[in-house]
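**Student:** curious how this folds, go ahead:
(one chain, ligands or ions: 2)
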Amino acid sequence: MARPILTADQMRAAEAAAIQAGIAETTLMERAGAGMAQAIRFYAGPRETLILCGPGNNGGDGYVAARHLAKHGYTVRVAALDEPRTEASRWARSQWDGPVERFAEAAAAPIVVDCLFGTGLSRGLEASVAERLSRLVDDALVAVACDLPSGVSTDGGASLSPIASYDLTVTFGALKPAHRLMPAMAKMGRVVLANIGVEADGKWFEIGRLEIPPLDPQGHKYSRGLVHCLAGQMPGAIALAASAAARSGAGYVRVSTSLPITNLPSSVVQTGGADLQDERIGCILVGPGLGDTPQVLTLALTAPRPIVIDADAIGLVGDPERLHGHDTILTPHEGEFIKLFGDLSGSKADRALEAARRSQSVIVYKGPDTLVASPDGRLGFAPPAPAWLASAGTGDVLAGMIAAMRARGLDPFEAACAAVWVHGRAAEAAGPGMIADDLVAAIPSALS
Ligand SMILES: NC(=O)C1=CN([C@@H]2O[C@H](COP(=O)(O)OP(=O)(O)OC[C@H]3O[C@@H](n4cnc5c(N)ncnc54)[C@H](O)[C@@H]3O)[C@@H](O)[C@H]2O)[C@H](O)CC1
Ligand SMILES: [K+]
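**Tutor:** Residues are numbered from 1 along each chain as shown. Ligands and ions are numbered 1, 2, ... in the order given. Now for the predicted structure:
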């Protein structure tokens with residue numbers, strides 16, 4: 001279910017391997033252009049279409065798509081920024097028997113297809129080109145990007161020059177990091193992956209529905225996972241997390257708290273003590289609503305059990321190396337990430353992996369483009385989740401879900417990926433007016 005994500009270099013290597021195995025480069029381009037034309041026919045009606053072609057293979061895909069759309073009765077205009085400079089794109093250009101306009105003079109059209117630059121982009125577009133492209137894209141009824149909107153950095157998702165908003169992005173062979181990283185992700189509209197017969201494999205992937213092992217029919221509450229939550233100064237947050245753990249399939253959820261918490265389900269057990277040496281504990285959760293009580297984190301780290309460290313507890317870790325030798329999942333949002341790891345360089349993907357390496361922990365780097373990074377180099381990119389997830393308490397819910405998945409025996413990376421996936425689907429089910437409490441209630445439907 002998980003779909004591979006390849007960097008520009010990895011995609012080039014996969015393409016080279018396919019060519020080595022006997023598939024002609026022009027065949028790959030033919031498949032890419034035909035796949036894009038098919039997606040345009042599926043998602044956009046037969047209206048006049050303007051295809052903007054750059055000098056590389058992204059432009060080559062455009063000439064192929066032009067031929068296929070014309071064959072299906074579309075009125076197609078092609079405008080070139082430059083002459084084709086690669087062998088395959090020259091071939092594609094030679095197969096297009098219609099006129100080619102100059103990009104700088106091309107008039108608007110209801111469907112605009114941006115095939116200026118793809119994975120070969122090395123710097124931002126010239127200002128006049130970026131401006132003209134943005135105008136054509138803004139004026140279109142349906143704007144389509146070939147592989148990526150031109151101006152997006154494939155591996156980091158940054159805008160190297162200003163990018164307009166597209167309705168459809170058709171990519172080939174595998175998703176690229178930019179399809180799942182901000183700010184690029186928000187500009188792409190629907191992302192369609194066309195199969196061009198290139199084998200894609202690696203340690204980076206889009207998180208899909210995970211195969212969670214079925215419950216053991218002979219299991220009991222402890223074998224389904226005991227989650228032990230440590231409350232702090234603001235018990236509302238741990239109440240949300242504990243409820244989410246219970247709704248996510250934990251067999252038993254316990255909260256250590258000095259004050260009784262009123263809004264917990266009766267099935268969640270409250271206790272004044274904190275016996276963390278209990279071998280039945282499948283996962284400890286510390287952080288939601290903790291406040292400034294570092295001794296609670298220290299207590300959690302004395303227990304030889306898996307731990308989810310969330311919210312306030314992340315800032316209390318101090319030095320990431322302190323977590324070496326522990327079985328830890330950390331769930332920072334941007335501010336908490338910087339507090340613990342400082343201002344790391346590189347893309348969000350690079351930073352997530354570096355943090356996982358430094359802390360020897362699984363990192364759930366939250367945001368509109370949540371990543372799950374493992375010290376062994378695995379990196380999961382969350383599929384798009386609803387914008388209404390960004391509200392108070394949803395992080396506490398996620399932490400509880402991760403703890404439940406870990407307690408039932410999934411490995412730390414898989415537990416985090418499973419919870420991130422279910423969290424997004426529960427938010428879809430809960431709908432736009434959702435508050436974190438509704439998200440908890442929606443978990444069972446997202447799990448089924
Ligand atoms: N990978 C595959 O399996 C397939 C990819 N296809 C398509 O090919 C492009 C990548 O093509 P490539 O020729 O490598 O790069 P581009 O077309 O993106 O552009 C390269 C071209 O542009 C010059 N350049 C780079 N940045 C700029 C800039 N800011 N301004 C001006 N010029 C720039 C660079 O020097 C090159 O000359 C991929 O995205 C797919 O669409 C295949 O067709 C199918 C198989
Ligand atoms: K493009």
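
**Student:** ok, residue 330 - contacts?
**Tutor:** Applying CB atoms under 8 Å, 6 or more residues apart in numbering, we find residue 330 in contact with 309, 310, 314, 317, 323, 340, 355, 359, 361, 362, 363, 364. (C-beta placed from N, C-alpha, C; glycine too.)

**Student:** swap that for residue 355, please
**Tutor:** Per CB under 8 Å, 6+ apart, neighbours of residue 355: 320, 330, 332, 337, 340, 341, 344, 363, 365, 373.

**Student:** ok so, going back, now render the contacts of residue 330 as a markdown table, adding distance to residue 171 and pLDDT.
**Tutor:** Below are the contacts of residue 330 laid out as a markdown table (distance: CB to CB, whole Å; pLDDT from 0 to 100):
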| residue | distance to residue 171 | pLDDT |
| --- | --- | --- |
| 309 | 35 | 98 |
| 310 | 34 | 98 |
| 314 | 34 | 98 |
| 317 | 38 | 98 |
| 323 | 36 | 98 |
| 340 | 34 | 98 |
| 355 | 28 | 98 |
| 359 | 33 | 98 |
| 361 | 32 | 98 |
| 362 | 28 | 98 |
| 363 | 26 | 98 |
| 364 | 25 | 98 |
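
**Student:** out of those, which one sits closest to residue 288?
**Tutor:** Using CB to CB, residue 310 comes nearest to residue 288 of the contacts of residue 330, at 5.6 Å.

**Student:** so the closest one versus ligand 2, what's the distance?
**Tutor:** Residue 310 sits 39 Å away from ligand 2, taking CB to the ion, to the nearest Å as the criterion.

**Student:** with residue 385 instead?
**Tutor:** 25 Å.

**Student:** kindly report the same for residue 289.
**Tutor:** 46 Å.

**Student:** quick one: residues contacting the residue lying closest to that residue once chain neighbours are set aside.
**Tutor:** Counting by CB to CB, 6 or more residues apart in numbering, residue 289 lies nearest to residue 237, which is 3.1 Å off, once chain neighbours are set aside. The neighbours of residue 237, taking CB under 8 Å, 6+ apart as the test, are 288, 289, 311, 393, 396.

**Student:** in helices, which of these fall?
**Tutor:** In helices, defined here by DSSP state H, the members of these are residue 396.

**Student:** what segments of the stretch 51-200 of the chain are strands?
**Tutor:** Using DSSP state E, counting those that start in this stretch, the strands of the stretch 51-200 of the chain run over 76-80, 100-102, 111-115, 142-146, 168-172, 190-194.

**Student:** now residue 361. Nearest residue, chain neighbours left out?
**Tutor:** Per CB to CB, 6+ apart, closest to residue 361 is residue 328, 4.0 Å.

**Student:** repeat that for residue 364.
**Tutor:** Computed as CB to CB, 6+ apart, the closest residue to residue 364 that is not its neighbour in sequence is residue 331, at 4.3 Å.

**Student:** burial count for the one you found?
**Tutor:** Neighbour count of residue 331, defined by other CB atoms under 10 Å: 31.

**Student:** from what I can see it touches residue 399, true?
**Tutor:** Yes - Residue 331 lies in contact with residue 399 (CB atoms under 8 Å); the separation is 5.5 Å.

**Student:** are there residues contacting both of these two? Which ones?
**Tutor:** 287, 308, 310, 311.

**Student:** just give me the neighbour total for the second one.
**Tutor:** Around residue 308 there are 36 other residues, counting by other CB under 10 Å.

**Student:** partner residues bridging it?
**Tutor:** residue 285, residue 329 (DSSP bridges).

**Student:** can I assume residue 5 is in contact with residue 181?
**Tutor:** No - the criterion here is CB under 8 Å, and residue 5 misses it with residue 181 at 9.7 Å.

**Student:** residues shared between the contacts of the two?
**Tutor:** By CB under 8 Å, 6+ apart, the residues touching both residue 5 and residue 181 are residue 381.
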